[in-house]
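K.L.:
Predicted model and sequence follow; I will ask about them next.
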Amino acid sequence: MRHRHVKYRRWLAAIVLSATVAGGAMWLYSPGDITRAVTADSDAPSAQPAARDSARKPQGGSTAQTGPEHQTTATPAITARTPTTLGPDPFAASLEGTDIDGALKADASGRLIVDLGTRDFFDYFLSTVGEVSPDEALERIRTLAFASLPREAAEQAMALLDQYLDYKQQALAMQATPLDPTLRKDPAYQQQMLEKAFTDLKQLRQAVFSPDAHQAFFGMEEAYGEYTLETLAIARRTDLSDSAKTALIDWHRNQLPEPLLQTERRLLESNEENRQRMEIMKTADSPESAGQKLMDQGMSPDAAASVTSYLQEREDFDARYRQYREALARLRESGLADGDEAAQQARLLDQYFPDNKQHTWARLKMLGSNPP
């Protein structure tokens with residue numbers, strides 16, 4: 001079975017879906033975010049019991065925390081949970097062949113465990129609106145909750161879902177604020193708007209959710225959002241040397257929660273490895289030499305062979321293209337009428353690039369080239 005996670009930074013993502021739900025309210029669904037890259041199993045994060053909040057925030061129950069300050073607390077024992085799949089006949093075509101993202105879970109006291117998997121579970125079903133009615137998607141959540149969990153946990157899940165829909169409605173209105181068209185390309189204005197969007201969303205979440213639910217649902221992505229904004233601000237500073245900027249960014253990176261820190265380090269290592277490989281491909285004396293150097297760096301023989309084959313193909317194309325340009329220059333000096341010259345140019349293109357792929361490469365390269 002496959003999962004339906006779409007990985008990108010949800011807190012800055014555009015709104016991709018809204019629909020009317022019971023009572024005339026609106027909700028929106030934004031797909032996954034970078035936290036999905038570091039939260040493979042929503043049962044895993046550490047957790048601590050959460051006190052009941054006011055009637056405005058009725059979700060209660062144990063809450064699995066994701067922030068760095070909660071990494072040493074105990075994980076609650078799961079005594080009930082929703083199923084992992086809808087079976088062979090899901091209610092929406094887009095869910096066919098998928099596992100249910102996330103889960104609703106209850107602890108030994110019969111209370112809802114609130115973690116990032118709770119939010120994933122809601123989003124999994126809400127994403128089907130458009131294929132099915134909002135009422136049907138919401139009823140599927142309700143049915144699974146009451147069929148799988150103790151009544152108290154199921155009721156807490158439905159109260160939390162109401163809050164989540166309320167949050168989506170308010171976020172939709174908030175993010176509809178237009179940008180100043182005269183400042184859209186101003187880097188300082190862009191930074192200001194990013195910071196404002198982040199702060200406004202964070203304040204909205206704090207107003208709608210209890211502290212524990214806010215942390216469970218958004219703690220990881222807000223930590224990454226703060227890190228991203230800091231790195232953008234540092235990059236724009238003119239009073240710092242490159243080494244000072246690097247040191248400051250490293251410091252902010254090290255403040256990330258451990259799962260995000262590990263992911264960020266892997267991304268940096270991957271980027272550096274890719275940079276080194278591109279440099280090898282650019283500076284190697286021959287395609288064969290590039291392939292050997294890439295294997296020396298750790299690339300598999302099959303992958304290195306593919307790179308070698310591609311570089312050989314590009315080398316052959318470059319030689320053909322040089323010959324084609326020379327022939328094209330002679331053609332343009334021949335004094336043919338425009339119609340005849342166009343026909344001859346098409347013939348030359350077919351002559352030098354009979355392969356469809358290289359033919360396309362030549363046409364694309366011509367779009368960015370000046371006439372000889």
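P.N.:
Yes, it's here.
K.L.:
what comes up buried for the longest helix along the chain?
P.N.:
When the chain is parsed with DSSP state H, its longest helix is helix 301-332. Neighbour-count burial for helix 301-332 flags 304, 307-308, 311, 317, 320-321, 324-325, 327-328, 331 (criterion: 16 or more other Cβ atoms under 10 Å). Using the backbone N, CA and C atoms, a C-beta is placed for each residue, glycine as well.
K.L.:
Equivalent analysis for stretch 235-248, please.
P.N.:
residue 248.
K.L.:
Give me the contact list for it.
P.N.:
Applying Cβ atoms under 8 Å, 6 or more residues apart in numbering, the contact partners of stretch 235-248 are 187-188, 191, 230, 234.
K.L.:
Where does pLDDT dip in the stretch 251-372 of the chain?
P.N.:
For the stretch 251-372 of the chain, the stretches flagged by pLDDT under 70 are 368-372.
K.L.:
Show the pLDDT at the nearest residue to residue 183 once chain neighbours are set aside.
P.N.:
Ranked by Cβ to Cβ, 6 or more residues apart in numbering and with sequence neighbours excluded, the top spatial neighbour of residue 183 is residue 189, at 4.0 Å. On pLDDT, residue 189 comes in at 86.
K.L.:
So what touches the helix or strand residue 189 falls within?
P.N.:
Element membership for residue 189, per DSSP states H and E: helix 187-208. Residues outside helix 187-208 that contact it (Cβ under 8 Å, 6+ apart): 11-12, 57, 163, 166-167, 170-171, 174-175, 179-180, 183-184, 214, 217-218, 222, 225-226, 229, 232-233, 236.
K.L.:
again, only using 7 Å
P.N.:
11-12, 163, 166-167, 170-171, 174, 179-180, 183, 214, 218, 222, 225, 229, 232-233, 236 (Cβ atoms under 7 Å, 6 or more residues apart in numbering).
K.L.:
For PyMOL, what selects the buried ones among those residues?
P.N.:
Applying 16+ other Cβ under 10 Å to the contacts of helix 187-208 leaves a buried subset, and the PyMOL line that selects it is:
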select buried, resi 11+12+163+166+167+170+171+214+218+222+225+229
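K.L.:
Identify those among the contacts of helix 187-208 that sit within helices.
P.N.:
Short answer: the contacts of helix 187-208 in helices (DSSP H) are 163, 166-167, 170-171, 174, 214, 218, 222, 225, 229, 232-233, 236.
K.L.:
all helices of the stretch 51-200 of the chain, in order?
P.N.:
116-126, 134-148, 151-174, 187-208 (DSSP state H, counting those that start in this stretch).
K.L.:
Which among the ones you listed is found nearest to residue 89?
P.N.:
Distance to residue 89, taken as Cβ to Cβ, is lowest for helix 134-148 among those, at 12.8 Å.
K.L.:
The closest one packs against which elements?
P.N.:
With contacts taken as 3 or more Cβ pairs under 7 Å, 6 or more residues apart in numbering; DSSP states H and E, helix 134-148 sits against helix 116-126, helix 151-174.
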